[in-house]
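> okay, here's the prediction I keep looking at, along with the sequence it came from:
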Amino acid sequence: MLTLAVFSLLLHFAIQASSPLDQVFHYIDEHQDDYVQRLKEWIAIQSESGNPTKREDVIRMMQVVGEMIKHLGGTVELTDVGNEEFADGKIIPLPPVVLGELGKDPNKTTVGIYGHVDVQPAKIEDGWSTDPYLLTEKDGNLYGRGSSDDKGPVLAWLHAIEAFQALNQELPVNLKFIFEGMEESGSKGLDELLKEKNETFLSNIDYIVISDSAWLSKKPALTYGTRGLCYFLVEVQCANQDLHSGLYGGTVHEAMTDLIALLDSLVNSTGYILIPGIDSDVMPLTDEERVLYEGIEFNLEAFKRTLDITELLHKTKEDVLLHRWRFPSLSIHGIEGAFSGPGAKTVIPAKVTGKFSIRLVPNMDPDKLSSQVTTYLHGVFAARGSPNRLRVALEYGSKAWVTNFTDKQYDAGRRAIRKVFGTEADLIREGGTIPVARTLQHTTQKSVMMLPIGGADDGIHSQNEKLSRNSYINGTKLLAAYIAEISQF
């Protein structure tokens, strides 16, 4: 029988004889509790970028990220991107963008890593089972705001680098970091900074990788496209103040009646968008492209159970995914100015504003779409013969992003996934919008890949956001494997 000392010695020699990357994996496994503790410290910083009272927390979060890159031996610039002005005239500084660099070997591949460390608002009274800013481990999951989106993935990158260094292994690539603190609030100041830095900081980057997305199922995935977004306001005003329905009902053209008719004219019960010409720029689906969707792992019945619904707009897996990623969609989000509280209130609102958005796909242009929407709604309104005042406005718009998933970087990503998970990656798109992917690709003209580590059920932007410990640790290994694989090019 082997003594403990002999067993430990044999284990030591086995580790020494294993490949350098296997040694990195072993180190990551051995230090996972340290990684969880660090994530707990990051989650405790309430870096809500949309809340001006938490701006100092966001700035502190950026400083913490910068200090960790310095600890890894990198150089860091906390880049000022100006101020943010609010509707009440208050002006506060935007959080700086962290631009970091580790390694300058001209013979090595240089990889740019993008991430963000700001979060969506969270309060326990919103329906959280645990304090959103106290990382809580339960049933193998790490619950806390930002655990999956995007503090956990950012830390996974830094931990992967730390593992190479702890084993005295030379990092096989040069790295550049772009970490921001305003992603959840429109990435204010980032586009301008990236354009300004394109001829300097970004100029020698070969590949750009982003880990701000999630798998579609329990199968690892690489993301090669996202939809864009146009957010619209449609405002109808009938009077200069709210009116009593007993005194004025039946005598005025009510703003709410007009608005509901306008919103109802946008999309039918099957999800088909009724705005003429909206599909004119959507690229036709080819047979070759449709085949890509057949092999993707996605369980329709499980998807319905998760949502607690009995029927979807489309019947097959392929059609559901195509309408989630490949085709535009329109969603109505709310009405401002209408009575929405408990109880009864017999008011005719003087002015109401409807809010809706359209998810764009490649080739669709926000300015053209805005013109189509405005023309259409004014036509519907004119046909009603209402004397009320109508205003249609594009609040903001961003284009879709899609890239070539057959390039070398995606090959490296697929090999890394096989190395860590022993399976082939699903190639997927995202139905949501991550504007920085298109900005980076358009600005640098370099390959951009999304390499997610989070799960489909992580609840990002929702109550009880989580990242499983398994995803966190194996995700760290995946990013280390990607570094090793991309260094071959």
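Thanks, I have it. Numbers count the residues shown, from 1 in each chain.

> going forward, measure contacts and count neighbours with C-alpha atoms only.
OK.

> so what's residue 459 closest to, chain neighbours aside?
Spatial nearest neighbour of residue 459, excluding adjacent residues (Cα to Cα, 6 or more residues apart in numbering): residue 465 at 4.6 Å.

> if I look at the one you found, how far off is residue 204?
36 Å (Cα to Cα, to the nearest Å).

> now do the same for the residue nearest to residue 459: its pLDDT.
What the model reports for residue 465 is a pLDDT of 98.

> again with residue 12
The per-residue pLDDT of residue 12 was computed as 52.

> now do the one 4 residues further on
Residue 16 is assigned a pLDDT of 54 by the prediction.

> ok, now the one 5 residues further on?
As predicted, residue 21 sits at a pLDDT of 98.

> and for it, the neighbour number?
17 (other Cα atoms under 10 Å).

> hang on, the earlier thing: quick one: which of residue 465 and residue 204 has more around it?
More crowded of residue 465 and residue 204, by other Cα under 10 Å: residue 465, with 22 against 17.

> residues contacting the more buried one?
Neighbour list for residue 465: 143-148, 458-459 [criterion: Cα atoms under 8 Å, 6 or more residues apart in numbering].

> what about those, which one has the most neighbours?
So for these (other Cα under 10 Å), the most neighbours sit at residue 145, 37 neighbours.

> and the nearest residue to that residue once chain neighbours are set aside, what element?
Sequence neighbours aside, residue 132 is the residue nearest to residue 145 in space, at 5.2 Å (criterion: Cα to Cα, 6+ apart). Residue 132 is part of no helix or strand, with elements assigned from DSSP states H and E.

> now the helices for the stretch 101-250 of the chain?
151-166, 190-197, 245-248 (DSSP state H, counting those that start in this stretch).

> and the ones you listed, which is most packed in?
helix 151-166 (a mean of 22; mean count of other Cα atoms under 10 Å).

> of all the helices of the stretch 101-250 of the chain, which one is nearest residue 41?
Between residue 41 and these, the shortest separation by Cα to Cα is 10.5 Å, and it involves helix 151-166.

> what does the average pLDDT come to for the closest one?
98.

> one more: stretch 287-297?
Mean pLDDT, computed over stretch 287-297, is 92.

> contact partners of it?
Residues outside stretch 287-297 that contact it (Cα under 8 Å, 6+ apart): 216-217, 219, 317-318, 321-322, 426-428.

> in it, what's buried?
If you call a residue buried by 16 or more other Cα atoms under 10 Å, then stretch 287-297 has these buried ones: 293, 296-297.

> could you pull out the strands for the stretch 201-350 of the chain?
Along the stretch 201-350 of the chain, counting by DSSP state E, counting those that start in this stretch, strands occupy 207-210, 221-226, 228-237, 243-244, 329-336, 347-348.

> please identify the deepest-packed of these.
When these are scored by mean count of other Cα under 10 Å, the highest mean neighbour count falls to strand 221-226 (a mean of 26).

> one step back: could you dump the strands of the stretch 201-350 of the chain to a markdown table with mean pLDDT?
Formatted as a markdown table, the strands of the stretch 201-350 of the chain follow (pLDDT from 0 to 100):
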| stretch | mean pLDDT |
| --- | --- |
| strand 207-210 | 98 |
| strand 221-226 | 97 |
| strand 228-237 | 97 |
| strand 243-244 | 96 |
| strand 329-336 | 97 |
| strand 347-348 | 96 |
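
> give me the subset of the buried residues of stretch 287-297 that lies in helices.
Counted as lying in helices by DSSP state H, out of the buried residues of stretch 287-297, are residue 293.

> pick the one among the contacts of residue 465 closest to residue 486.
Using Cα to Cα, these come closest to residue 486 at residue 148, 24.1 Å.

> and residue 197, how far from residue 443?
Distance, residue 197 to residue 443, by Cα to Cα: 10 Å.

> ok, residue 273 next?
Counting by Cα to Cα, the gap from residue 273 to residue 443 is 32 Å.

> please apply the same query to residue 179.
Taken as Cα to Cα, the span from residue 179 to residue 443 is 17 Å.

> same question, residue 315
From residue 315 over to residue 443 (counting by Cα to Cα), the distance is 39 Å.

> between the two, which has more neighbouring residues?
residue 443 (17 against 10).

> what sits closest to that one if chain neighbours are left out?
Residue 443 sits nearest to residue 195 (Cα to Cα, 6+ apart), 6.4 Å away.

> for residue 380, what are its contacts?
For residue 380, counting by Cα under 8 Å, 6+ apart, the contacting residues are 262, 265.

> make residue 1 into 821 and carry on from there
Got it, the first residue is 821 from now on, which makes the last one we talked about residue 1200.
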